[in-house]
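# below are the sequence and a predicted model for it; my questions follow.
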2 protein chains.
Amino acid sequence: MKPFNGVNDRKASTKAPSPGRPRSVELDQAILRAAFALFVEEGIAGASIEKIARRAGVAKTSIYRRWPSRDALLAQAIEAARNATAPGYSAEAVERASAEEFLQLLLGIGEVLAKPEIRRLMTRLVGTVPDYPHLLEVYRKTYFAPRRQAIIGAFRRVRTAGLLPDETDPEVLADMIAGALFFRVLFAPERGDTAADIQVYLARVLRAVGLDMSSIRSG
Amino acid sequence: MKPFNGVNDRKASTKAPSPGRPRSVELDQAILRAAFALFVEEGIAGASIEKIARRAGVAKTSIYRRWPSRDALLAQAIEAARNATAPGYSAEAVERASAEEFLQLLLGIGEVLAKPEIRRLMTRLVGTVPDYPHLLEVYRKTYFAPRRQAIIGAFRRVRTAGLLPDETDPEVLADMIAGALFFRVLFAPERGDTAADIQVYLARVLRAVGLDMSSIRSG
């Protein structure tokens, strides 16, 4: 992905930005929020550059100047919203986490997945594939793959810490846990699975992959 | 779901049906095929009763007479197409399968998942959730849940046969394997994962859950 053209933009809007609050960062945020809201409410067909610009209160050129494509904008908007909803689960946060910290993060995921907006976002994103395959492609390469790698690395540290069997395959483990949770959220017996329900289910998943649960409970 | 009103229909279309080929079954099939094709091509918004009737070459009343709702029709159309694409994987077939037969079915799933139309169908179905949550609800209750139960039962038989560890949780196992494969198909590193690629990945998943792989290879 091309970096945002923030420098040019700051040159373009010369209406005395207040010091320490660069105007272009505020604009970036407003555009990302507008793009995300439109995408979740109306789907990709409703999230045109035209409508995003109107909602953010900016000119379309301000968007074209910053993002190489609508897909790049939407992918970043989705990731920014995810990270705002669940700040501990960004790729960077997972990379920094110790084995114990990562397991605590994992145990807290019920709170995140129980939010209805997460289910809505996930289904919106998957639903773009038949008609707009490029968005998931951009999202996958730019955000999904790095986070998956960070999670795989964290599971390696958990294995090294002796909390997972030696023969554990961290890559497959990451996919199985994420996949089982995705299925659960999507096909939960009743709509509105609570955080506690997901938590109980997750504990079964973690036991199934051979995680030493006693070590986490005490952590 | 209400049973189809095939009897009434046979009475209604009295243009000398040839013996042994009941006209209503042919009509059912034509409607199901038209509904599925429109759903996959255009999504749920494009699969109106009006357009399904036109494509199947029937009157709209023929559809209303047979199905209690468009969601019931679409759910059955999806299931019928799935079973036509992968005949061995219906809930009934899985229920009848012995432990060994089920493992052979499982090992053959790469062939099914590598078909682009399966990815397209899955993403279409998930993509209906934000705007038409009822379709997935109908599909889940009528078809997804019974197949999931059949698969869980089959994993129990595999465990009883001594091919899975005693402490295996068949429900969680079914979700983890399905979830990992779903993730793989959706987020595969390159588009067009081959059947062989999926097969290799599946073997890693099955090893990860403790399946005795030697027993299958020889099967």
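Here it is on my side, so go on. Residues are numbered from 1 along each chain as shown, chains lettered A, B, ... in the order given.

# only C-alpha atoms for contact and neighbour calcs from this point on.
OK.

# could you pull out the helices for chain A?
Assigned by DSSP state H, chain A shows helices spanning A:6-12, A:23-42, A:49-56, A:60-66, A:70-85, A:91-96, A:99-107, A:109-113, A:116-127, A:133-139, A:145-160, A:170-187, A:195-208, A:213-217.

# comparing the ones you listed, which comes out most buried?
Stretch with highest mean neighbour count among the helices of chain A: helix A:170-187 (a mean of 21; mean count of other Cα atoms under 10 Å in any protein chain shown).

# what's the average pLDDT for that one?
Helix A:170-187 comes out with an average pLDDT of 89.

# quick one: contacts of that helix?
With contacts defined as Cα atoms under 8 Å, 6 or more residues apart in numbering or on different chains, helix A:170-187 is touched by A:113-114, A:119, A:148, A:151-153, A:155-156, A:193, A:198, A:202, A:205-206, A:209, B:140, B:172, B:175-184, B:204-205, B:208.

# nearest to B:Pro165, of the helices of chain A?
helix A:195-208 (10.2 Å; Cα to Cα).

# for the closest one, name the packing helices and strands.
For helix A:195-208, the packing partners by 3 or more Cα pairs under 8 Å, 6 or more residues apart in numbering or on different chains; DSSP states H and E come out as helix A:109-113, helix A:170-187, helix B:170-187.

# 7 Å instead?
Applying 3 or more Cα pairs under 7 Å, 6 or more residues apart in numbering or on different chains; DSSP states H and E, one finds that helix A:195-208 contacts helix A:109-113.

# contacts only, for A:Asp131.
With contact set as Cα atoms under 7 Å, 6 or more residues apart in numbering or on different chains, A:Asp131 has no partners.

# A:Ala45: how many residues sit nearby?
Neighbour count of A:Ala45, defined by other Cα atoms under 10 Å in any protein chain shown: 11.

# separation between it and chain B?
The gap separating A:Ala45 from chain B is 12 Å, by Cα to the nearest Cα, to the nearest Å.

# could you measure from that residue over to A:Leu74?
According to Cα to Cα, to the nearest Å, A:Ala45 and A:Leu74 sit 12 Å apart.

# ditto for A:Gly57
In terms of Cα to Cα, A:Gly57 sits 17 Å off from A:Leu74.

# kindly list the single helix or strand of chain A that scores lowest on mean pLDDT.
helix A:6-12 (a mean of 38; mean pLDDT, DSSP states H and E).

# tell me how far A:Glu79 lies from chain B.
On the measure of Cα to the nearest Cα, A:Glu79 and chain B end up 16 Å apart.

# now that residue: closest residue in space, sequence neighbours ignored.
Spatially, and ignoring its direct neighbours in sequence, A:Glu79 is nearest to A:Tyr143 (7.0 Å; Cα to Cα, 6 or more residues apart in numbering or on different chains).

# what is the burial count for that neighbour?
16.

# ok so, going back, nearest to B:Ala53, out of the helices of chain A?
Here helix A:116-127 is closest among the helices of chain A (Cα to Cα), at 25.2 Å.

# against which helices or strands is the closest one packed?
Packing contacts for helix A:116-127, counted by 3+ Cα pairs under 7 Å, 6+ apart, involve helix A:23-42, helix B:116-127.

# could you list the low-pLDDT ranges of chain A?
Along chain A, the parts satisfying pLDDT under 70 run over A:1-22, A:188-192, A:215-219.

# quick check: residues of it near chain B?
By Cα under 7 Å from any Cα of the partner chain, the residues of chain A that approach chain B are A:120, A:123-124, A:126-130, A:140, A:168-169, A:172, A:175-177, A:179-180, A:182-183, A:187, A:204-205, A:208-209.

# centre of the chain versus stretch A:141-149, how much separation?
9 Å (Cα atoms, centre = their mean, to the nearest Å).

# can you tell me what sits against that stretch?
Contacts for stretch A:141-149 (Cα under 7 Å, 6+ apart): A:Ser90, A:Ala91.
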